[in-house]
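**Student:** Starting from these lines, generate the structure:
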Amino acid sequence: MKIEQLITQSENLINWIDKTIDGIGIPSETRFRIAGGCLDVALEHHKAIVLLIKHHLYGSAFALVRSLFESYVRGVWLHRCASDSNINQFTAEKIDSSFSEIIQDIENLPGFDCGVLSTIKSDAWKAMNSYAHSGFLQSTRRNTESSIKPNYTEEEVLEVINNANMFALLTVMAIAQLAGNKSLMKTVLEKEEILNKGSNQGVQSDA
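**Tutor:** Residues are numbered from 1 along each chain as shown. The predicted model follows:
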């Protein structure tokens, strides 16, 4: 799939997410509000990544992947793993748990025990940091043989969009769990199947 096709699919996904979660109710307790805030900003990062790539601002898009991943993970942890003490620490900006420990807590939950999050962190964390903090990976992709300008491969851009879309769907699933909405959980799984099929066959008109 070409970048332009995947952007179209991603924009359709964004519209679907906005319509699907609009009006979803969640409990008003602090835990749910701050978890929901993290998940909401994750979806905003997803939109930003797609928009930046559409306008060929690849460096900024790549830099946001870590923030998207972190926002999703923190939202899940605050909702399903954090103790009341952890919640109080979070509201005071004094979380003691490292990001690795937060992932470990999540992977003790059913459905996360396959280790996907820790695998992502071990395989991609250094790259995420390099792009987010203008390390070597980011810097070297601003160079060609004759000049300094963006020099990202199509494969790299496609990978970032696909990963962002994956995290967006995971985030919607987390929102469904936050709301206790089993119907939405089922809908998200169905949408994931449609997108996977679309990635293999081309853009789906309803994706």
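
**Student:** in this structure, which spans are helices?
**Tutor:** 3-21, 30-54, 58-80, 84-91, 99-106, 116-132, 136-140, 154-179, 182-201 (DSSP state H).

**Student:** Between those, which one is closest to I148.
**Tutor:** Closest to I148 of the helices of the chain is helix 136-140 (C-beta to C-beta; 9.5 Å). C-beta here means a position set from N, CA and C on the backbone, and glycine is covered the same way.

**Student:** And for the closest one, what's in contact with it?
**Tutor:** By C-beta atoms under 8 Å, 6 or more residues apart in numbering, the residues outside helix 136-140 that reach it are 59, 62-63, 127, 130-131.

**Student:** May I have the helix or strand of the chain with the lowest mean pLDDT as PDB, with CA atoms only?
**Tutor:** Least confident helix or strand, the chain: helix 182-201 with a mean of 79, by mean pLDDT, DSSP states H and E. What follows is helix 182-201 as a C-alpha-only set of coordinates in PDB (Å, rounded to 0.1, in the frame of the first residue of the first chain):
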ATOM      1  CA  LYS A 182     -18.900  -4.800  25.800                       C
ATOM      2  CA  SER A 183     -20.600  -3.900  22.500                       C
ATOM      3  CA  LEU A 184     -17.900  -1.400  21.700                       C
ATOM      4  CA  MET A 185     -15.200  -3.900  22.500                       C
ATOM      5  CA  LYS A 186     -16.700  -6.300  20.000                       C
ATOM      6  CA  THR A 187     -17.000  -3.500  17.400                       C
ATOM      7  CA  VAL A 188     -13.300  -2.600  17.800                       C
ATOM      8  CA  LEU A 189     -12.300  -6.200  17.200                       C
ATOM      9  CA  GLU A 190     -14.400  -6.200  14.000                       C
ATOM     10  CA  LYS A 191     -12.900  -3.000  12.800                       C
ATOM     11  CA  GLU A 192      -9.400  -4.400  13.400                       C
ATOM     12  CA  GLU A 193     -10.200  -7.300  11.200                       C
ATOM     13  CA  ILE A 194     -11.500  -5.000   8.400                       C
ATOM     14  CA  LEU A 195      -8.300  -2.900   8.600                       C
ATOM     15  CA  ASN A 196      -6.000  -5.900   8.500                       C
ATOM     16  CA  LYS A 197      -7.900  -7.100   5.400                       C
ATOM     17  CA  GLY A 198      -7.600  -3.700   3.900                       C
ATOM     18  CA  SER A 199      -3.900  -3.600   4.500                       C
ATOM     19  CA  ASN A 200      -3.500  -6.800   2.500                       C
ATOM     20  CA  GLN A 201      -6.000  -6.000  -0.300                       C
END
